[in-house]
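A.B. asks: 3D model of this:
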Amino acid sequence: MLSETKNTKRNKYLAAFLACLGGIVGLHQFYLKKPFIGILYILFFWCSPIVAFIDAFVYLTTSDEEWDKKYNKKFTNTNN
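C.D. replies: The predicted model follows:
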């Protein structure tokens, strides 16, 4: 089951939803495989909701190509 999560594409809409829903604990950062930043969200919980909403806005306004370059590198086509 662990190998299944390694081969999963990260969805920007789900990441934005997690940022809005669980931004105070950095849920979206753990989803995006950034546990250190997620821990920082927990430690600085008093300002993390503001940053999480900014993250959600950035995720939603990022183009699909840029999103894939950043979070889905192994799924992008390198032949271009």
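A.B. asks: Now for the spatially most central residue of the chain: which residues touch it?
C.D. replies: Nearest residue to the geometric centre of the chain (C-alpha atoms, centre = their mean): Leu32, 3.8 Å. Taking C-beta atoms under 8 Å, 6 or more residues apart in numbering, we find Leu32 in contact with 10, 15, 71. (C-beta placed from N, C-alpha, C; glycine too.)
A.B. asks: From Lys74, how far out is Thr8?
C.D. replies: Note on Thr8: its distance to Lys74, by C-beta to C-beta, to the nearest Å, is 11 Å.
A.B. asks: Ok, Phe45 next?
C.D. replies: With the distance defined as C-beta to C-beta, Phe45 ends up 32 Å from Lys74.
A.B. asks: higher neighbour count, these two?
C.D. replies: Comparing Phe45 with Lys74 by other C-beta atoms under 10 Å, the one with more neighbours is Phe45, at 13 against 9.
A.B. asks: distance of the more buried one from Glu66?
C.D. replies: For Phe45, the distance to Glu66 equals 29 Å [C-beta to C-beta].
A.B. asks: same thing with Cys20?
C.D. replies: For Cys20, the distance to Glu66 - C-beta to C-beta - is 20 Å.
A.B. asks: Looking at these two, which is more packed in?
C.D. replies: Neighbours per residue, other C-beta under 10 Å: of Cys20 and Glu66, the larger number sits with Cys20, 15 against 11.
A.B. asks: Now do the helices in this structure.
C.D. replies: For the chain, the helices defined by DSSP state H cover 2-6, 12-22, 27-31, 35-43, 48-61, 64-71.
A.B. asks: what would those look like in JSON lines with mean pLDDT?
C.D. replies: Listed next are those as JSON lines, based on pLDDT from 0 to 100:
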{"stretch": "helix 2-6", "mean pLDDT": "50"}
{"stretch": "helix 12-22", "mean pLDDT": "94"}
{"stretch": "helix 27-31", "mean pLDDT": "94"}
{"stretch": "helix 35-43", "mean pLDDT": "93"}
{"stretch": "helix 48-61", "mean pLDDT": "93"}
{"stretch": "helix 64-71", "mean pLDDT": "93"}
